[in-house]
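>>> Below are the sequence and a predicted model; questions follow.
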Amino acid sequence: MKGLYYLNPYLDLFLTFARIGGCTFGGGYAMLPILQREVVENRRWATEDELMDYYAIGQCTPGVIAVNTATFIGYKTHGTLGGIAATAGVISPSLVIISIIAAFIQQFAHLAVVQHAFAGIRIAVCALVLQSVWKMAKKGVVDAPTATILLITFIAVAFCGVSPVVMVVIAAAAGILIGMIRRKRA
């Protein structure tokens, strides 16, 4: 049946991103390792560097990072209709799952087993987010200046309450400045 998806690239995008979107617990960051495996390793719709760029842009633009990334990849591979198909695919499972949970959560939220399940899910999501951060850091932190940008950004956002948007703009400016200095030296 997998071969049938390839007959229609939009169906392929929709079904691939619907499978990714089915991992809604934890939101976009929990989906990052799955996106990386499916989009870079399995489908080769983007390189590791492109996917990191999509994450960065997706984080800085309005919307959910997984939805933004799906839209970028769908658009890159098959234009506007590809972007629509990928976006529809990634949000469809979330809409269904959240609708089901919303219909029943009040009836079961007080049960200890439900509370323990959500506690376990939160811990698993932390692990998935850490894995994504680790992969991105290994790829993005290549020297002392990039390590400095990472450290300053983390401290500013985590401990000083600086807006992540402000830090992304500052980090972009620092990256441009570092690039200009390196070009002058070369």
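Nice, thanks for sending it over. Numbering: from 1, shown residues only.
>>> pretty sure A70 is touching T87, no?
Yes - contact criterion Cβ atoms under 8 Å: A70 and T87 qualify, at 5.4 Å. Backbone N, C-alpha and C define where each C-beta goes, glycine included.
>>> moving C-terminal of the strand or helix carrying D49, what's the next helix or strand?
When elements are assigned from DSSP states H and E, D49 belongs to helix 48-60. As assigned by DSSP H and E, the chain's next helix or strand after helix 48-60 is helix 65-108.
>>> what pLDDT, on average, does that following helix get?
In this model, helix 65-108 has an average pLDDT of 90.
>>> circling back: pull the residues that contact the helix holding D49.
The contact list for helix 48-60 (Cβ atoms under 8 Å, 6 or more residues apart in numbering) reads 28, 32, 35-36, 39-40, 46, 65-69, 72-73, 76, 136, 139-140, 164-165, 168.
>>> same thing but at 6 Å, please
40, 65, 68-69, 72, 136, 168 (Cβ atoms under 6 Å, 6 or more residues apart in numbering).
>>> repeat for stretch 68-78
Contacts for stretch 68-78 (Cβ under 6 Å, 6+ apart): 9, 13, 17, 39, 45-46, 54, 58, 61, 82-83, 85-87, 90.
>>> Enumerate the positions of the helix or strand hosting I181 that are buried.
Assigned by DSSP H and E, I181 belongs to helix 164-185. By neighbour count on 16 or more other Cβ atoms under 10 Å, the buried set for helix 164-185 is 167-168, 171, 174.
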